[in-house]
Structure formats: C-alpha cells, structure tokens
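Visitor: Give the three-dimensional model of this entry:
(chains A and B)
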Protein chains: 2
Amino acid sequence: MLSLNLEILMEFIVYFQNLTIMNVDLTYYKEGLIRSDRIILGQAITLIESDLVEDRRLADELIENILPKTGSSIRVGVTGAPGAGKSTFIEVFGKYITSLGKKVAVLTIDPSSQKTRGSILGDKTRMEELSRDSLAFIRPTAAGSAAGGVSGSTREAILLCEVAGYEVIIVETVGVGQSQVGVRGMVDFFLLLMLAGAGDELQGIKKGIMEMVDGMAITKADGDNVAKANHARADYQNALHLFQTSESGWVPRVITTSAVAKTGIKETWDMIESFLRHSANNGFFERQRNQQQLSWFYSALDSTIRDKIIRQSKDALASIEKRILSHQISPARAAQHILENLTF
Amino acid sequence: MLSLNLEILMEFIVYFQNLTIMNVDLTYYKEGLIRSDRIILGQAITLIESDLVEDRRLADELIENILPKTGSSIRVGVTGAPGAGKSTFIEVFGKYITSLGKKVAVLTIDPSSQKTRGSILGDKTRMEELSRDSLAFIRPTAAGSAAGGVSGSTREAILLCEVAGYEVIIVETVGVGQSQVGVRGMVDFFLLLMLAGAGDELQGIKKGIMEMVDGMAITKADGDNVAKANHARADYQNALHLFQTSESGWVPRVITTSAVAKTGIKETWDMIESFLRHSANNGFFERQRNQQQLSWFYSALDSTIRDKIIRQSKDALASIEKRILSHQISPARAAQHILENLTF
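Guide: You can find the predicted model right below:
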C-alpha cells in the first residue's frame, strides 16, 4: 500500500513539475515577445523550428496563445534569382523603413538547407548595417518543419515577429520554384527582383512567377546600367500586361532601383503602401489573409498525414511498392491497404 | 428460437447470393474482356467509373484480377487547345493504325464534366469513320473518380482496353492544365497538337506543357496553310531545343500534318515507334511505366484520404475553418485535431 502511494505521489510530483516548467516556459516566451526581447524572439523561433515532440507541444501552445495578438504587420515577400541583389536591396530597403520609425523583421528562407540555424552569422554579415539597427531583426528560417507543411515554421516565425511588435516583415527567398510558391502564400505583397542587362531580359524568368507578383524592382539601375534598366522596366511592364488582372484588381508595377544611388527605394515602399490601400478598400486584403490561413491548415493536414504514413508504414510502403511494380496489387487497392493500417 | 434461426438463415442466403452475383459478375467481365467483347468492355468502363461502394468493390476485384494481363499496349496521349483539330487528327491517325492491322482504343477525357457517360454519342459522331471501324473502340471517360485521384478511372480504362486486346491506346485531353498533367502521367508518348497560323505562334502555349511533350504535330498543314505550318514547325523545334534534354534522352520532334491531305500521319506514327525503340533500348520505357504505377499509388493515397476527411469531418471542417479564421486555433493544431478524429 505504501509503495503504491509513493508511486502515485511521484507521478503527481512529475506531473506538477511538467506543468510548472511548461507554464514558466510559456510565460517566458510570451512575455519576452510582448516586451519585444530580441533574444527571446530568436529563442522562440528556434523553438518552433524544433522537431522534438515536447518542443513542438510547447510551440503549439505558444502559437495558440499569441494568435489573438497577430496579424497587424505588413508582410512583404521578396524573391529573385541568385545574383539579383536581394540582400543588398533588402538592406537599403529595410534601412528606409526603419528611417520612417517602423520596426522591420527580415526572415530569410534557404530552401537548400532544411535547418539553417548555423548560418545566422552568415546572414548577419550579408546585411551588416541593417543587423546593427535597433529597429531591425534578421533571422534565417528553416524551409520545412513540423509546423505544417513547407514553410510552416516561417509562417509561425511571422506570427512571433508580429507579437514582438515588428510592423513590416520581409520574407526573402531565392528564385527556386517551391519556396516561392510557399512565400507567395504567406505574404500580402510579393516583390520580384530582376537584374537588368543580364542577357536576354525575358529569358529565364518562369512565367508562373510573373503571374504571382504584385510588383517588380529592377536592381542595380545605376551608372552604365541605367539605360538597360529602363529598357528592362518597359519590357517587364509589357509582359505583366499580358497576364490577366489578378483577383486583387491590382496591376503590378515595375520600378528601377539602385542600392548604391539609393533610387527607387522610397518608390518601392510607396508602391506597397498604395497596394495596401487598394486591397483594403476592395476587401482583397482580408480575403487573401483568410485564404492564406485556410491553405496553411490544408497543407498542414497533408504534411501531417504524409509524416504519419512515412513513420508508421515505412516498411509496408517498401513492400507494397514492390507488389505494385510486379502487378500483384492495383495502386488503388494498395492505397486502401496502407490507410487501413494507419492510426492517428 | 425459430425466429432467430430464420434470421441467420436469411443472412446466409443473402451472403451466398452476394457471393454468387459477385463471382458471376467478375467472370462475366473478365471473360468478356478476354474475348474482346466491345459491349462488355464498355460495361466494364462504366463499372470502374461508378461511385457505388459495391461497384467499386467489384471494380477493384476486376482490376486486380486482370493486372497480370495488362501493360502490353502502346499508350499515346494527345493534347491541344480547343480548335487544334484533335478529333480530326485522331480519326485519321486511328484509321492509319487500324490499316496496319492494329487494334486502337481512343479514350477521351472531358475535364469539364466529372461524369461523361451521356456524351458517348457525341463523341462517336465526332469520329464517325473510326467509330465504325471494327478494330477501333472509342469511349469518353470521367475525369475524376473513386479509382484513385484525378484520372484514376482513365488509368483503369487503359488496363481494361489492354486486356481486351487493344494494341494502341490513345488518351485524348483538351489543353487545360490539370488533365494534361494527369494524362502525361499515364502514357508512354505525349503528343501536342498545334494549329499553325492561329496568331502569334508561341503565344498562349504554356511553357510547362512544352516541357512535357515527346512530339508535336502542326495540324491543318494544307492549302494556304503549308507555308505557315512549316514556319511554325521551325519555331516550335527551336523552342523545344531551349528546354533541357528530358530524362528519356529523347529530343522531341515537330511534324506538319494534314487530315485532309493525309500528310504527316505515317510520320507521326513512325516518330512514336522510334521513340519506343529509343526508350526501350536505354531502359527509360520500363522506368517510366514503373514510375507511373507508383505515382498512381501515391495519388490514390492522397485522394482516398481527402475523400475520408471530407466525408467524415464535413461539419468538423466547417466549424474548424471558422475557428481558424477567428484566430481561436492555429492551423497546425487544427490539422492535428481533424486527424485525431479520423478513422479508416
């Protein structure tokens, strides 16, 4: 009897310990975010990127807890091919935003590495001046994670930055298919950077990306490049007219910019602001935000299921693939078979 | 006691009745297919397109039963914008194939209607001459079905035609995104039809489709159109060179054709045959077939899960969407919640 009681007592102690740790942690993160503590913001992003089950549980708790305080920032996606001058542009553009007294966060997605924690320093040196700005926060985020599909953790990082008071959040991604689509689905305004004079202007741009952008900035439009940049600007503006008007009713604009001469930077910001006015007026802003929340949900559904199947049925999958290829079982039946043995 | 025994007896009778019907039906379909009975082939396609649970069960049984006898045909996908002359081309092309003594089946996919049974007559009149050919079989199939994802039923219809002895199977689809991708995933050779002189040649072609094709046929290359068609041929051949060599190592060819002058028809068939030799030699043919079987399986997994979720959690989905939009639950958590309540 005594030993049983002791066991029960021990269980209670562990239970309350866990409860306490959880609450301390949740409070730690939540209060840190609310008082805009940059170190805790960084730690919170590390937490949501973690694959550990306990971390994930706490991360879910945290996100759910802060949800009512999110959504107030302007979310801007910036994409472009490697060499288009994304870092240089974002540094100058970010400095312009902080010069307006606004807090800016830059989240960079590196689709080539699933975990990018190691490259934080690398990124800080890329945007040296901006990273020293007390109104700015720069952080690479992992491309894939447990937080719901491709770029789930970036979506959550946006929310964390919002609670920490960042008013403009720039999500940067390189010009590679999947991550661009992901970023397009989490920002209000999607900006494409193009380097003028890099060979045939329209060569190499994926039409699919042109259809997703709200604006374009031609970079390095200075010195000998000015004429080329203006030419490119006209070309792209024409190309953009070929696409049907988007659901937003907004016609994408093309701007020439120079990080060196600091031209086109204010204009880019003005373009974003007029897009926001336009889309707030016709209701598109809210509609897009709602749509993005729901597609996050559905992509989280997909990726959770995929994870479960791969984890629970790895061996079964391998053997059923063999049976499919040797015509022993039909693909449709094989699918039913795998699902019958799945538990959530 | 008596009443209970009667009930048990009744259950047994129903059970054996079902068993008998099932076996008779399976044999009926299977033997009908093997002796190449066109009426039974048509009935079998109707069966695999059915949404009824019992039909689906029998369809699965049938497919599994015939699997070892499938795979021996040449599967050709034909796509093109509305007005490119697909029916006219397929009729002449199909007649050429039957003139070689080969049996040809034409499966047309109408992505605009999920169920197309009603339009069988419409399709027969479109290819009047071919439909009277005893070596030809023409049939529209439904775009989506229970048989595993988009175009699952077309995949199964191909198998049924193969068991019925059809040596060439043409799958026709209009030039609309999703169904083209679907067809590309179920055929050995993918042919794009283009009408010459319909405005700017390269205007309006989706680059993504150019990347998928193994060959192109410029249609209506007769009379005044010949010069335009030759010009278009050169343009497209150049455009195709822009894309990287496909995994097959095959360089897509462009041929000018005329259904009226009967030109380019033999050449199209010769092109397909040399593709087949090429891809058999380097192992691509088998690799692609295997890959297609596996992606059918994975898309069946996806669609089965989607069906389950929508059926079992329709109300839960609606209410959880509301909670997501009002920031009461995070999308990632919402996904977990839905899955916890799912059974397979």
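Visitor: Now residue A:286. Nearest residue, chain neighbours left out?
Guide: Nearest non-adjacent residue to residue A:286, counting by Cβ to Cβ, 6 or more residues apart in numbering or on different chains: residue A:280, 7.9 Å away. Quick note: C-beta positions are derived from backbone N, CA and C, even for glycine.
Visitor: just checking, next helix/strand downstream of the host helix or strand of residue A:97?
Guide: Here residue A:97, judged by DSSP states H and E, is contained in helix A:86-99. Using DSSP H and E, the next helix or strand after helix A:86-99 towards the C-terminus is strand A:104-109.
Visitor: Given that next one, what are its sheet partners and their directions?
Guide: strand A:136-141 (parallel), strand A:168-174 (parallel) (DSSP bridges).
Visitor: And the residue nearest to residue A:286, how close does it get to residue A:165?
Guide: Residue A:280 sits at a distance of 21 Å from residue A:165 (criterion: Cβ to Cβ, to the nearest Å).
Visitor: So if I had to pick from the two, which one is more boxed in?
Guide: residue A:165 (18 against 12; other Cβ atoms under 10 Å in any protein chain shown).
Visitor: Report the secondary structure state of that one.
Guide: coil (DSSP: H, G, I helix; E, B strand; the rest coil).
Visitor: what's near enough to touch it?
Guide: In this structure, residue A:165 makes contact with A:36, A:103, judged by Cβ atoms under 8 Å, 6 or more residues apart in numbering or on different chains.
Visitor: which phi and psi does it have?
Guide: With angles defined as degrees, to the nearest 10, residue A:165 sits at phi 90, psi 10.
Visitor: so what's it scoring on pLDDT?
Guide: Looking at residue A:165, its pLDDT stands at 97.
Visitor: Could you do residue A:9 as well?
Guide: As predicted, residue A:9 sits at a pLDDT of 61.
Visitor: ok, now residue A:147?
Guide: 49.
Visitor: Which of the helices or strands spans residue A:62?
Guide: Under the assignment here (DSSP H and E), residue A:62 is part of helix A:53-66.
Visitor: after the lowest-mean-pLDDT helix or strand in chain A, next one along is what?
Guide: Ranked by mean pLDDT, DSSP states H and E, the weakest helix or strand in chain A is helix A:120-126, scoring a mean of 52. Per DSSP H and E, the first helix or strand lying C-terminal to helix A:120-126 is helix A:128-131.
Visitor: Just the CA trace of that following helix, in CSV.
Guide: What follows is helix A:128-131, C-alpha atoms only, in CSV (Å, rounded to 0.1, in the frame of the first residue of the first chain):
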residue,chain,number,x,y,z
GLU,A,128,25.7,44.3,-41.8
GLU,A,129,24.2,47.8,-41.5
LEU,A,130,20.6,46.6,-41.1
SER,A,131,21.6,44.0,-38.5
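Visitor: Now do the helix holding residue A:97: everything it contacts.
Guide: Taking Cβ under 8 Å, 6+ apart as the rule, helix A:86-99 contacts A:78-80, A:104, A:106, A:126-130, A:133, A:135-136, A:168, A:170, A:172, A:174, A:193, A:217, A:219, A:257, A:259, A:262, A:265-266, A:268-269.
Visitor: Now that we have those residues, which of them are buried?
Guide: A:78-80, A:104, A:106, A:126-127, A:130, A:133, A:135-136, A:168, A:170, A:172, A:174, A:193, A:217, A:219, A:257, A:259, A:265, A:268-269 (16 or more other Cβ atoms under 10 Å in any protein chain shown).
Visitor: Quick check: end-to-end length of stretch A:163-182?
Guide: 22 Å (Cα to Cα, to the nearest Å).
Visitor: Now that stretch: buried residues?
Guide: By 16+ other Cβ under 10 Å, the buried positions in stretch A:163-182 come out as A:163-175, A:179-180, A:182.
Visitor: How is chain A divided into domains?
Guide: Domain ranges of chain A: A:2-66, A:69-282, A:293-340, per automatic domain parsing.
Visitor: Which of the ones you listed has the lowest mean pLDDT?
Guide: Ranked on mean pLDDT, the bottom entry among the domains of chain A is domain A:2-66, at a mean of 79.
Visitor: Name the nearest residue to the most centrally placed residue in chain A, ignoring sequence neighbours.
Guide: The residue lying closest to the centre of chain A (Cα atoms, centre = their mean) is residue A:154, at 3.7 Å. Excluding the flanking residues, the one nearest residue A:154 by Cβ to Cβ, 6+ apart is residue A:141, at 4.7 Å.
Visitor: State the distance from that neighbour to chain B.
Guide: 15 Å (Cβ to the nearest Cβ, to the nearest Å).
Visitor: Show me what that residue is bridged to.
Guide: For residue A:141, the beta-bridge partners are residue A:109 (DSSP bridges).
Visitor: which residues does it contact?
Guide: So residue A:141 contacts A:45, A:49, A:107-109, A:116, A:153-154, A:157 (Cβ under 8 Å, 6+ apart).
Visitor: Can you tell me the element the residue nearest to residue A:286 falls in?
Guide: With DSSP H and E as the criterion, the answer for residue A:280 is helix A:265-281.
Visitor: List the buried residues for that helix?
Guide: A:265, A:268-269, A:271-272, A:275, A:278-279.
Visitor: Tell me what angle that helix forms with strand A:168-174.
Guide: Calculated by axes from the mean of the first three to the mean of the last three Cα atoms, to 10 degrees, helix A:265-281 forms an angle of 110 degrees with strand A:168-174.
Visitor: Figure out how far the following helix or strand past helix A:265-281 is from the centre of its chain.
Guide: Next helix or strand after helix A:265-281 toward the C-terminus (DSSP H and E): helix A:284-312. Computed by Cα atoms, centre = their mean, to the nearest Å, the separation of helix A:284-312 from the middle of its chain amounts to 14 Å.
Visitor: on contacts alone, who are the packing partners of the next helix or strand after helix A:284-312?
Guide: Heading C-terminal from helix A:284-312, the first helix or strand you meet, by DSSP H and E, is helix A:314-325. Packing partners of helix A:314-325 (3 or more Cβ pairs under 8 Å, 6 or more residues apart in numbering or on different chains; DSSP states H and E): helix A:331-340, helix B:284-312.
Visitor: and the ones you listed as a markdown table, adding distance to residue B:67?
Guide: What follows is the helices and strands packed on helix A:314-325, written out as a markdown table (distance: least, Cβ to Cβ, whole Å):
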| stretch | distance to residue B:67 |
| --- | --- |
| helix A:331-340 | 10 |
| helix B:284-312 | 10 |
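Visitor: tilt between whichever helix or strand residue A:218 is part of and helix A:86-99?
Guide: Taking DSSP H and E as the definition, one finds residue A:218 inside strand A:215-219. Going by the same axes, to 10 degrees, strand A:215-219 is angled at 110 degrees with respect to helix A:86-99.
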